[in-house]
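Peer 1: Sequence first, then the predicted structure:
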Amino acid sequence: MLINNMKLGKSIEQKLKLRILFSVILLFLGGASLYVGTCVPLASGNADYSSGFYVGLGCGLIAAAIITIIKNVRLLKNKEALKQREIYESDERNRMIGLKCWSYAGYAMFILLYIALLFAGTINVIVMNTILVILAGFAICLFISKLILNKIM
């Protein structure tokens, strides 16, 4: 069953405003990561590595959020570009490619997590338990998504 914008009740303007909101949230999360990397004393044995990781992650999130906000604000201000974006996003072929992409990536992630789980037990129990929790969280997300989609579709 194909879903168009009208069935979900969201116009392209609403979708872009929601993307801007999510980008603002990512901007704050990036700022929090940057703060942790620069201002919070890290107690781990690899404090330099951890600090660099948080700084890099924060800068990347901030940059991506700013670019996304600018792009979506420009789309909202330009009616012609907005119309083209609406046509692009409502195109059935593009929607199907996006759905297949997420589907294949999900299968690959599940398999990779399982393979990592098999090998992690031989290296470190903490790593194995971490991968197991991630695998369980991923499975729970799949299950909840299926329940929600069965109700709304």
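Peer 2: Thanks, I have the structure now. Numbers count the residues shown, from 1 in each chain.
Peer 1: Nearest spatial neighbour of residue 41, chain-adjacent residues omitted?
Peer 2: With CB to CB, 6 or more residues apart in numbering as the criterion, residue 41 has its nearest non-adjacent residue at 7.7 Å, and that residue is residue 47. Every residue, glycine included, has its C-beta placed from N, CA and C.
Peer 1: For this structure, give me the ranges with low pLDDT.
Peer 2: For the chain, the stretches flagged by pLDDT under 70 are 1-9.
Peer 1: show me where it has helices.
Peer 2: 5-8, 12-39, 47-77, 79-90, 92-123, 125-152 (DSSP state H).
Peer 1: Can you redo the ones you listed as a markdown table, where the extra columns are mean neighbour count?
Peer 2: As requested, the helices of the chain are exported to a markdown table (neighbours: other CB atoms under 10 Å):
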| stretch | mean neighbour count |
| --- | --- |
| helix 5-8 | 11 |
| helix 12-39 | 15 |
| helix 47-77 | 15 |
| helix 79-90 | 13 |
| helix 92-123 | 12 |
| helix 125-152 | 12 |
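Peer 1: that older thread, ok, the residue nearest to residue 41 to residue 61 distance?
Peer 2: Using CB to CB, to the nearest Å, one obtains 21 Å as the distance from residue 47 to residue 61.
Peer 1: What of residue 110?
Peer 2: 25 Å.
Peer 1: what's the answer for residue 118, then?
Peer 2: From residue 118 over to residue 61 the distance is 32 Å, taken as CB to CB.
Peer 1: do the same with residue 13
Peer 2: Taken as CB to CB, the span from residue 13 to residue 61 is 25 Å.
Peer 1: and if you look at residue 71?
Peer 2: Distance, residue 71 to residue 61, by CB to CB: 16 Å.
Peer 1: can you pull the contacts of the closest residue in space to residue 110 that isn't next to it in sequence?
Peer 2: Closest residue in space to residue 110, ignoring its immediate chain neighbours: residue 138 at 6.5 Å, by CB to CB, 6+ apart. Residues near residue 138 by CB atoms under 8 Å, 6 or more residues apart in numbering: 109, 110, 113.
Peer 1: Let me see the contact set for the first one.
Peer 2: Listed by CB under 8 Å, 6+ apart, the contact set of residue 109 reads residue 138.
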